[in-house]
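Q: sequence and predicted structure, then a few things I'm wondering about:
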Amino acid sequence: MYLAKKIIKKKLHYIIRESYWDEKYFRSRDLFDLGANPAKYIIYPGGNAYYIDEKVENRLNSLGVKPGFDELDNIFWRFLKPEIKYVLEMFSHRAGRTKRKKSVKEKEENALFHLFDKRRIHFLRFGNMDQGRIGRISPKLFQVLLNKSRDEIEQYFLESEGILDPSELKSYVYVIFDLQRFSSKLTAKTMPQALDQKKVDEYFIEEICRLNKDMSFWAGMTTGPELNEYLIRYIIMFFDNEYGQSYFLHNYIKNFIDGKRFYAPPPNKSSVTLDEAITIFGIKKDKLKKMSRRGLTALYRHMAKKHHPDKGGEHDKFIKLTEAYQELLKRKNV
């Protein structure tokens, strides 16, 4: 069993579901609709004790489902009163979700994880834009996907992606859809914002449509011609966010250091002042105040193409340009 989240009439609802094997695929089915407030099914008899309303277990039993020890506790744990959860955590070591029993007829195909899932787990685990080594990662990293329906896997990622900082969202989508493979430029793996963003946008739309039609990915799950609801969030992540500052300069400098052992890394603090940054970009302070983040980014991309070492520019000037962009962008956050 697992807890699924779904938006119904613009309100977040919680549903207890299970993945089951139908001799061909793992599928999912609804077991109990907890509504918008699952906490109403938690009963507190007194002290620090609690139990789950018997209506829940009776409903599950009527469907032939007998929850294992701690399964219901794990589902309702997040909805407990904070003060009771705090006390119980002091006297117990919760192991998280109950381990799922292996299917009797577990097929070898279940161990052949989809590459899109592997990219997501790899980024969430390591945060790397360059996933060139993903083929050599131990399969143990992906065991969390075993014996799960596509719906349960997507619910797992919905929960796991909550660890991402807003500045990482666009980079995350760029990586998991492997958009870097459409360009041979060095910047494809280290500085995607320096690429032609119109083309990147087009590649992204093509890839998300391709995945939407990939039956090996949606195996066991009913789909239609419209974009699956689990993919819509990636459209929002990609077009409503910008690439984070932490990737482009950091990765460029790291690659430079790897190739030039004698190179001394720059100090953590930017060596470019606000006045210097304005001079480098050739803009006035009043114009900077009126310029949007999107406009500043567009200006940076234009100048980056001109000064990038791949285009014959000098790396020192390029680093200064990027540091200036960081400084100006930071002012936009104030």
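A: The structure has been received and is ready for your questions.
Q: can you give me the helices in the protein?
A: Remark: helices assigned in the chain by DSSP state H are 54-62, 71-76, 82-90, 115-126, 150-160, 169-176, 187-190, 197-212, 229-239, 245-259, 274-281, 285-290, 293-307, 315-333.
Q: ok, and the closest non-adjacent residue to residue 73?
A: Leaving out its chain neighbours, the residue that sits closest to residue 73 by CB to CB, 6 or more residues apart in numbering is residue 52, at 7.7 Å. Every residue, glycine included, has its C-beta placed from N, CA and C.
Q: quick revisit: can I get the helices of the chain in CSV with mean neighbour count, distance to residue 136 and mean pLDDT?
A: Formatted as CSV, the helices of the chain follow (neighbours: other CB atoms under 10 Å; distance: least, CB to CB, whole Å; pLDDT from 0 to 100):
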stretch, mean neighbour count, distance to residue 136, mean pLDDT
helix 54-62, 14, 42, 94
helix 71-76, 20, 33, 92
helix 82-90, 12, 38, 83
helix 115-126, 17, 11, 93
helix 150-160, 19, 22, 96
helix 169-176, 23, 17, 94
helix 187-190, 20, 17, 80
helix 197-212, 15, 24, 95
helix 229-239, 15, 26, 95
helix 245-259, 16, 19, 55
helix 274-281, 16, 41, 80
helix 285-290, 11, 46, 80
helix 293-307, 16, 32, 79
helix 315-333, 18, 30, 77
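Q: in CSV, list those along with distance to residue 142.
A: What follows is these, written out as CSV (distance: least, CB to CB, whole Å):
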stretch, distance to residue 142
helix 54-62, 29
helix 71-76, 22
helix 82-90, 29
helix 115-126, 6
helix 150-160, 11
helix 169-176, 14
helix 187-190, 22
helix 197-212, 18
helix 229-239, 18
helix 245-259, 24
helix 274-281, 44
helix 285-290, 46
helix 293-307, 35
helix 315-333, 35
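Q: related to what we said a few turns ago, gap between the residue nearest to residue 73 and residue 46?
A: Residue 52 sits 16 Å away from residue 46, going by CB to CB, to the nearest Å.
Q: quick one: contacts for residue 1?
A: Neighbouring residues of residue 1 by CB atoms under 8 Å, 6 or more residues apart in numbering: 16, 17, 18, 31, 60, 65, 67, 71, 72, 75.
Q: give the residue farthest from the middle of this protein.
A: residue 46 (40.2 Å; CA atoms, centre = their mean).
Q: list the beta-bridge partners for that residue.
A: With DSSP bridges applied, residue 46 shows beta-bridge pairing to residue 49.
Q: so for it, what's the pLDDT?
A: What the model reports for residue 46 is a pLDDT of 85.
Q: distance of it relative to residue 83?
A: From residue 46 to residue 83 the distance is 14 Å (CB to CB).
Q: ok, now residue 72?
A: 21 Å.
Q: what's the answer for residue 290, then?
A: 50 Å.
Q: now swap in residue 182 and tell me
A: From residue 182 to residue 83 the distance is 53 Å (CB to CB).
Q: again with residue 317
A: 58 Å.
Q: likewise for residue 284?
A: 56 Å.
Q: ok, now residue 171?
A: 39 Å.
Q: any idea which residue is closest to the centre of the chain?
A: Short answer for the chain (CA atoms, centre = their mean): residue 161, at 3.9 Å.
Q: doesn't residue 124 make contact with that one?
A: Yes. Between residue 161 and residue 124 there is a contact at 7.1 Å, judged by CB atoms under 8 Å.
Q: tell me the spacing between residue 72 and residue 29.
A: 17 Å.
Q: for residue 165, which non-adjacent residue is closest in space?
A: Take residue 165 and drop its neighbours on the chain: the residue closest to it by CB to CB, 6+ apart is residue 244, 7.3 Å away.
Q: hmm, that neighbour is touching residue 164, no?
A: No. Taking contacts as CB under 8 Å, residue 244 lies outside contact range of residue 164: 9.9 Å.
Q: for residue 42, give me its contacts.
A: Contacts of residue 42 (CB under 8 Å, 6+ apart): 50, 51, 52, 53, 76, 79, 80.
Q: and the gap between it and residue 15?
A: Separation of residue 42 from residue 15 (CB to CB) stands at 17 Å.
Q: which residue ranges form the strands in the stretch 1-150 of the chain?
A: 2-8, 11-21, 26-35, 42-46, 49-52 (DSSP state E, counting those that start in this stretch).
Q: given the second one, what are its sheet partners and their directions?
A: By that I understand strand 11-21. Strand 11-21 is paired, per DSSP bridges, with strand 2-8 (antiparallel), strand 26-35 (antiparallel).
Q: can you list the domain ranges for the protein.
A: The record's domain parsing of the chain by automatic domain parsing lists 2-90, 108-239, 266-333.
Q: and residue 157, how far is that from residue 230?
A: 8 Å.
Q: sorry, wrong one. I was asking about residue 144.
A: As for residue 144, its distance to residue 230 is 17 Å (criterion: CB to CB).
Q: repeat that for residue 116.
A: 11 Å.
Q: and for residue 72?
A: Distance, residue 72 to residue 230, by CB to CB: 26 Å.
Q: residue 200: which of the strands paired with strand 11-21 is closest?
A: With CB to CB as the measure, strand 2-8 is the member of the strands paired with strand 11-21 nearest residue 200 (28.6 Å).
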